[in-house]
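Chemist: got a structure for you, letters missing:
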């Protein structure tokens, strides 16, 4: 497991006073992962579990855009909410669409597709 304040940027490498800790212990790595997973799912309450629907969202993490492929053919209402639940994007789509995200701050977002009464959601990260 690798942890510490180092954030893998040029400034972290050359300017900042960062630390990197490498721990060679499977038990500690598992405990760290469990805590990270719990904190990662806290903001939106959506667990990253295996889904039975076919909705796809990529790339994750995103930067300037995301592609959303709804579950099936037909019109889907696609919404994006930030971690506070505020809607930041809304559009209708027939098939795969590209949504701009370059104006959104880094953080966790929920992408929702509502199609024929069925709702699919994915948790994504926007990172700069």
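Modeler: Perfect, I can see it now. Computed from a predicted structure; not experimentally measured.

Chemist: measure residue 117 to residue 103 for me?
Modeler: Distance, residue 117 to residue 103, by Cβ to Cβ, to the nearest Å: 31 Å. (Each C-beta comes from the backbone N, C-alpha and C, glycine too.)

Chemist: residue 109: what's it in contact with?
Modeler: 80-83, 88, 123-126 (Cβ atoms under 8 Å, 6 or more residues apart in numbering).

Chemist: please apply the same query to residue 128.
Modeler: By Cβ under 8 Å, 6+ apart, the neighbours of residue 128 are 63, 106.

Chemist: and the longest helix along the chain, what's its mean pLDDT?
Modeler: Ordering each helix of the chain by length in residues (DSSP state H) puts helix 26-41 first. Averaged across helix 26-41, the pLDDT comes to 79.

Chemist: got the residue ranges for the strands in the protein?
Modeler: For the chain, the strands defined by DSSP state E occupy 2-4, 20-22, 56-58, 65-69, 75-82, 87-94, 97-100, 107-115, 118-126.

Chemist: which positions in the last one come out as buried?
Modeler: In this case it means strand 118-126. Neighbour counts over strand 118-126 (16 or more other Cβ atoms under 10 Å) mark 120-124, 126 as buried.

Chemist: tell me the angle of that strand relative to helix 26-41?
Modeler: Between strand 118-126 and helix 26-41, the angle comes out at 110 degrees (axes from the mean of the first three to the mean of the last three Cα atoms, to 10 degrees).

Chemist: what sits up against stretch 81-89?
Modeler: Identification of contacts with stretch 81-89 by Cβ under 8 Å, 6+ apart yields 43-44, 78-80, 99, 104, 107-110, 112.

Chemist: now the end-to-end length of it.
Modeler: This stretch, stretch 81-89, spans 7 Å end to end (Cα to Cα, to the nearest Å).

Chemist: now the residue nearest to residue 70 when sequence neighbours are not counted: how far from residue 31?
Modeler: Leaving aside its sequence neighbours, residue 70 sits nearest to residue 76 (Cβ to Cβ, 6 or more residues apart in numbering; 3.8 Å). Distance from residue 76 to residue 31, counting by Cβ to Cβ: 39 Å.
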